[in-house]
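> Need a 3D model of the sequence below.
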Amino acid sequence: MKDILRLLSYIKPYWHFQTLYILCQLGYFGGFIVLPWIEKILIDDVFLAKNADKLLPTCGLWMLVAFGMYLFSLGFAYFPIKVSQNAAKDIQLAAYHHLRRLGFKFYDTQQTGKVMALFTSDTPKVIEGFQIFASDYPTNTILLIVTIPVVMSVSWQLCLLSLLLVGVTVSMPILLNKSLNRIGEEVQEQNAVLSSNLQESIAGSRELKGLGKELYDLKNIHHFLKQLVTIRIKQVKIQKVGDILAIWWLSDALVLLVGGGYVLQDAMTVGELFAVVMWFNALQRPVHFLVTLHLSIPSVMAAARRIFAFFDEHEQEPQDGTPITHIEGSVQFSDVSFEYSDAQPVLKRIRFQAESGETIAIVGPSGAGKSTLVSLIPRFYEPQHGNIFIDTTPINTIQIQSLRSHIGIVFQDPYLFAESIAYNIRLGAEDPEAITHEQVVAAAKLANAHDFIMNFPQQYESEVGERGIQLSGGEQQRIAIARVLIRDPKILILDEATSSLDAESEALVQEALIRLMEGRTSFVIAHRLSTILNADKILVLNDGELVESGTHAALIQRNGVYYDLFQKQFAGMQKGT
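Numbers count the residues shown, from 1 in each chain. The predicted structure is shown next:
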């Protein structure tokens with residue numbers, strides 16, 4: 001019941017449309033109560049009585065009721081779409097808003113396809129729930145309650161027979177409820193699994209083709225589709241076992257059999273018998289609706305529970321804190337420890353001070369914690385112990401979006417959106433829509449990107465393709481640098497990329513990075529010898545600990561961890577230069 005009420009809360013803003021829908025539905029189905037009464041008059045008072053004077057007005061009344069039902073059917077069709085689609089939009093926006101506020105721990109553990117299934121599979125299924133609980137159930141229940149006394153007024157014996165037959169038709173779906181709940185959960189879960197695998201296969205198309213594994217991937221997708229089809233067929237089988245249409249027609253025959261005996265005994269007229277049969281069908285109609293709806297509820301609620309579990313179970317990023325408008329850019333780590341889970345800590349008691357405008361090179365073997373350390377500065381993760389300060393303010397007291405507005409990040413593998421080059425550059429600004437074309441061009445020139453952009457047919461309006469596939473690695477890097485330049489942050493986080501770039505591209509990227517780092521507190525996960533040599537301070541990480549720090553010359557003289565690391569990774573570069 002709690003989930004049902006929660007679902008209905010999304011319809012509340014559209015209660016006026018919902019009210020009109022219920023009224024139209026009652027008017028439409030009300031016609032099924034009035035028409036049998038008109039049919040009774042036609043049979044008894046017109047045809048059998050051979051009264052021609054009543055034929056035209058009675059048929060005219062029939063047509064008037066039928067036209068009224070037609071008008072009600074228009075609202076019956078329009079208003080539910082208006083309500084359900086708007087409610088679906090609201091729940092999708094709420095889900096996406098929640099998704100955008102979730103921390104990186106969620107994205108580290110969840111498959112993209114399963115999250116997508118919330119929008120592509122679960123939400124459309126929940127739309128059915130809006131109609132079931134807000135309109136179809138109450139309307140058909142009212143119709144059922146109104147029809148019973150009408151039938152009772154003509155023949156209480158046939159009314160009791162009708163209710164007995166209704167009870168038989170209702171019992172079977174109730175017995176199947178547990179099985180339908182279970183199979184509904186399986187269908188929604190399998191939809192999520194299929195969506196996840198499709199997303200991964202499409203995203204990894206280049207790798208699959210490069211490995212020659214298209215057929216292998218097709219076999220996997222076929223396996224998941226086959227599983228989904230099997231479960232869906234099983235679901236339909238159970239639903240059809242509880243379908244009452246066949247029992248409905250059998251019930252008609254029983255009513256005609258018993259009612260026909262009353263007609264032969266002159267206990268009721270032929271018109272009354274046919275009216276009762278039509279009323280009985282009118283009685284069966286809401287019952288059939290209610291049973292069909294009951295059979296649909298398990299799959300609807302399975303989808304709703306998945307969405308609400310998504311809303312409830314995952315911790316959001318903190319939204320409190322004080323906004324900041326200006327920072328100098330100094331950063332201090334004070335006894336900071338961090339772990340992704342209860343396993344081995346990734347960072348242990350990290351302490352250092354970076355003054356405003358300094359370049360901090362971070363080096364260490366793979367898995368030492370370099371990327372994790374810089375991820376704590378924009379609060380992608382929260383440390384379990386210690387504090388991080390910007391200037392003299394603990395970052396956990398700063399409003400998170402305000403904090404990130406002062407930080408620029410260039411990842412080793414930057415993500416470009418499937419939009420224009422200008423769009424991707426503007427995206428770095430606090431208010432992208434306020435950025436002029438001249439500002440975009442200025443940032444691109446500083447990033448050494450303007451010349452190659454002008455070679456495209458549509459220049460700055462050229463589409464970059466999904467993940468920037470239309471651009472080379474060096475071009476992607478320079479667009480990412482321009483995106484940070486237009487942000488003009490005081491703190492820069494940079495994961496240098498060299499392995500995928502040719503010498504010319506690397507030189508252009510390096511020149512752009514030098515411009516980017518000017519006057520900014522820069523944290524660089526260093527891969528270039530020049531970055532290490534020119535850094536104001538080098539942090540040496542090993543197994544999650546800050547084992548050494550200082551300038552290149554000072555660390556070389558210590559003949560410690562940095563000296564060994566330098567000899568293995570960078571000495572060859574020095575000889576080459």
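> all contacts plus neighbour counts: C-alpha atoms, from now on.
Fine.
> residues in contact with stretch 537-546?
345-351, 358-365, 367-370, 532, 547-552, 561-562 (C-alpha atoms under 8 Å, 6 or more residues apart in numbering).
> Kindly recompute the last result at 7 Å.
For stretch 537-546, contacts defined as C-alpha atoms under 7 Å, 6 or more residues apart in numbering pick out 346-348, 350, 359-365, 368-370, 547-552, 562.
> Same question for stretch 452-464.
Here stretch 452-464 makes contact (C-alpha under 7 Å, 6+ apart) with 418, 419, 420, 421, 422, 470, 471.
> contacting residues for residue 428?
By C-alpha under 7 Å, 6+ apart, the contact set of residue 428 is 483, 484, 486, 487.
> Try it again at 10 Å.
405, 408-409, 435, 480-489 (C-alpha atoms under 10 Å, 6 or more residues apart in numbering).
> That one in helix, strand or coil?
coil (DSSP: H, G, I helix; E, B strand; the rest coil).
> hang on, the earlier thing: which of the contacts of stretch 537-546 fall within strands?
Taking DSSP state E as the definition of strands, the contacts of stretch 537-546 contribute 347, 348, 350, 359, 360, 361, 362, 363, 547, 548, 549, 550.
> quick revisit: among the contacts of stretch 452-464, which one has the most neighbours?
Counting neighbours by other C-alpha atoms under 10 Å, the top entry in the contacts of stretch 452-464 is residue 421, with 25 neighbours.
> What is the neighbour count of the nearest residue to that residue once chain neighbours are set aside?
Counting by C-alpha to C-alpha, 6 or more residues apart in numbering, residue 460 is the residue found nearest to residue 421 once chain neighbours are left out, at 5.2 Å. Using other C-alpha under 10 Å, the number of residues around residue 460 comes to 22.
> likewise residue 564?
Residue 564 has 13 nearby residues by other C-alpha under 10 Å.
> Which parts of the stretch 451-577 of the chain are strands?
491-495, 521-525, 537-542, 545-550 (DSSP state E, counting those that start in this stretch).
> Need the winner for burial among those.
strand 521-525 (a mean of 26; mean count of other C-alpha atoms under 10 Å).
> what's it packed up against?
Applying 3 or more C-alpha pairs under 10 Å, 6 or more residues apart in numbering; DSSP states H and E, we find strand 521-525 packed against strand 347-354, strand 359-363, helix 370-376, strand 407-410, strand 491-495, helix 503-517, helix 529-534, strand 537-542.
> Report the mean per-residue pLDDT for it.
The pLDDT scores in strand 521-525 average 88.
> Parallel or antiparallel, list what pairs with it.
Next to strand 521-525 in the sheet, as set by DSSP bridges, lie strand 359-363 (parallel), strand 491-495 (parallel).
> rewinding a little: how about a markdown table for the contacts of residue 428, with distance to residue 336 added?
Formatted as a markdown table, these follow (distance: C-alpha to C-alpha, whole Å):
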| residue | distance to residue 336 |
| --- | --- |
| 405 | 23 |
| 408 | 22 |
| 409 | 21 |
| 435 | 38 |
| 480 | 29 |
| 481 | 29 |
| 482 | 32 |
| 483 | 30 |
| 484 | 27 |
| 485 | 30 |
| 486 | 31 |
| 487 | 28 |
| 488 | 28 |
| 489 | 24 |
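> what's the farthest-apart pair in the residues you listed?
409 and 435 (19.2 Å; C-alpha to C-alpha).
> Please identify which of the strands of the stretch 451-577 of the chain is closest to residue 514.
Within those, the stretch nearest residue 514 is strand 521-525; the backing value is 10.5 Å (C-alpha to C-alpha).
> so that closest one versus strand 347-354, what angle?
Orientation of strand 521-525 against strand 347-354 (axes from the mean of the first three to the mean of the last three C-alpha atoms, to 10 degrees) gives an angle of 140 degrees.
> relative to helix 503-517, how tilted is strand 521-525?
150 degrees.
> quick check, distance from strand 521-525 to the centre of its chain.
Its chain's average C-alpha position is 34 Å from that of strand 521-525, according to C-alpha atoms, centre = their mean, to the nearest Å.
> and the angle for it with strand 537-542?
Strand 521-525 runs at 40 degrees relative to strand 537-542, counting by the same axes, to 10 degrees.
> pLDDT (mean, whole number) over the helix or strand hosting residue 76?
Taking DSSP states H and E as the criterion, residue 76 maps to helix 55-100. Regarding helix 55-100, the rounded mean pLDDT is 84.
> helices or strands up against that helix?
Packed against helix 55-100 by the contact rule (3+ C-alpha pairs under 10 Å, 6+ apart) you find helix 2-8, helix 15-41, helix 112-117, helix 123-131, helix 270-313.
> Could you check the angle that helix makes with helix 270-313?
If you take the same axes, to 10 degrees, helix 55-100 sits at 10 degrees to helix 270-313.
> OK, contacts around the spatially closest residue to residue 335 that is not a sequence neighbour?
In space, and not counting its chain neighbours, residue 335 is closest to residue 349: 4.2 Å by C-alpha to C-alpha, 6+ apart. Counting by C-alpha under 10 Å, 6+ apart, residue 349 touches 333, 334, 335, 336, 337, 338, 385, 386, 544, 545, 546.
> For the closest residue to residue 464 other than its chain neighbours, which residues are in contact?
Leaving aside its sequence neighbours, residue 464 sits nearest to residue 470 (C-alpha to C-alpha, 6+ apart; 5.1 Å). Counting by C-alpha under 10 Å, 6+ apart, residue 470 touches 418, 462, 463, 464, 476.
> Can you give me the end-to-end span of stretch 409-429?
One end of stretch 409-429 sits 13 Å from the other (C-alpha to C-alpha, to the nearest Å).
> Please point out which parts of that stretch sit buried.
409-412, 414-429 (16 or more other C-alpha atoms under 10 Å).
> wait, residue 98 sits on residue 316?
Yes - if you go by C-alpha atoms under 10 Å, residue 98 and residue 316 touch, sitting 7.6 Å apart.
> can you list the domain ranges for this structure.
By the record's domain assignment, the chain is partitioned as 89-313, 409-488 (automatic domain parsing).
> how about the nearest residue to the residue nearest the centre of the chain, chain neighbours excluded?
With distances taken as C-alpha atoms, centre = their mean, residue 119 lies nearest the centre of the chain, 4.1 Å away. Closest residue to residue 119 apart from its sequence neighbours, by C-alpha to C-alpha, 6+ apart: residue 92 at 6.5 Å.
> check contacts around the one you found.
So, once contact is read as C-alpha under 10 Å, 6+ apart, residue 92 ends up touching 86, 98, 118, 119, 120, 122, 123, 124, 307.
> Pull the number of nearby residues for residue 8.
16.
> okay but it is in contact with residue 87, surely?
Yes - Residue 8 is within contact range of residue 87, at 9.1 Å (criterion: C-alpha under 10 Å).
> which secondary structure element contains residue 108?
With DSSP H and E as criterion, residue 108 is part of helix 104-109.
> what comes up buried for that helix?
104, 105.
> cool, stretch 554-574 as well?
For stretch 554-574, using 16+ other C-alpha under 10 Å, the buried residues are 555, 556, 561, 562, 563, 566, 570.
> can you list contacts of that stretch?
Contacts for stretch 554-574 (C-alpha under 10 Å, 6+ apart): 363-365, 527-530, 532, 537-542, 547-550, 552-553.
> Rounded mean pLDDT for it, please.
Rounded mean pLDDT across stretch 554-574 is 76.
> Also stretch 356-372?
Taken as a whole, stretch 356-372 has a mean pLDDT of 86.
> how far is that stretch from where the chain is centred?
Counting by C-alpha atoms, centre = their mean, stretch 356-372 is centred 35 Å from the centre of its parent chain.
> cool, stretch 61-71 as well?
Relative to the centre of its chain, stretch 61-71 is centred 44 Å away, using C-alpha atoms, centre = their mean.
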